[in-house]
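Trainee: just to be clear, the model below is a prediction. Sequence and coordinates:
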Amino acid sequence: MQEPVILPVEGKSPQFGQNCFLAPNCTVVGDVVLGDDCTVWFNAVVRGDVNAIRVGKRTNIQDGAVIHCTYQKAATTIGDEVSIGHNAIVHGSTIHNNVLVGMGSIVMDHAVVEENCIIAAGAIVLENMRCESGWIYAGIPAKKVKQVSAEQVAGMKRTAANYTMYADWFRPGK
């Protein structure tokens with residue numbers, strides 16, 4: 001079976017918390033720290049070559065997603081129980097806890113996505129934008145469209161837990 005690509009860059013190697021899952025063809029390089037129970041899925045790239053990437057606990061980086069930053073200008077910080085959807089890009093920004101970054105969306109440098117937000121599929125959060133806690137943002141550029149319901153908040157937590165469960169399906173002996 002193919003192994004994930006895990007590479008040091010400029011003397012900095014990725015660090016992983018307990019019980020992380022790295023899909024066989026994902027790539028994690030450089031100054032990256034993943035918290036406990038994180039998952040990085042097929043064809044996802046977490047590239048801490050030009051700046052630091054810090055990821056909290058129980059966060060999932062789904063298939064084809066790219067996490068990167070900007071050299072000497074913008075590191076990337078992602079909180080706990082965050083779901084980065086398929087083919088999303090999070091670049092040089094800050095994502096707080098319990099956030100869903102929808103499929104194919106883009107979060108640009110110095111943007112801040114506060115807790116309990118949903119970034120809708122295909123949305124583009126522009127550079128320096130702040131997404132207020134408890135709202136759904138959609139469109140190009142992303143705009144506040146609707147408050148997040150209690151059911152949606154619970155759903156985001158459930159999604160984070162589900163991805164930890166899915167990872168168990170791929171572990172040896174399962």
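Mentor: Thanks, I have it.

Trainee: distance from stretch 121-129 to the middle of the chain?
Mentor: Counting by C-alpha atoms, centre = their mean, to the nearest Å, stretch 121-129 is centred 14 Å from the centre of its parent chain.

Trainee: what residues does that stretch touch?
Mentor: Contact with stretch 121-129 is made by 85, 93, 102-113, 119, 131, 137-142, as judged by C-beta atoms under 8 Å, 6 or more residues apart in numbering. (C-beta placed from N, C-alpha, C; glycine too.)

Trainee: give the ChimeraX command for selecting the buried subset of those.
Mentor: Only the buried entries of these go into this ChimeraX selection, using 16 or more other C-beta atoms under 10 Å:
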select :85,93,102,103,104,105,106,107,108,109,110,111,112,113,119,131,137,138,142
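
Trainee: from the contacts of stretch 121-129, which land in strands?
Mentor: Of the contacts of stretch 121-129, the ones assigned to strands by DSSP state E are 106-107, 112-113, 119, 131, 137-138.

Trainee: which one among those gets closest to residue 97?
Mentor: Nearest to residue 97, judged by C-beta to C-beta, of the ones in strands among the contacts of stretch 121-129 is residue 113 at 10.2 Å.

Trainee: where's the closest one relative to residue 166, distance?
Mentor: Distance from residue 113 to residue 166, counting by C-beta to C-beta, to the nearest Å: 23 Å.

Trainee: and residue 112, how close does it get to residue 121?
Mentor: Residue 112 is 20 Å from residue 121, by C-beta to C-beta.

Trainee: much appreciated, bye for now.
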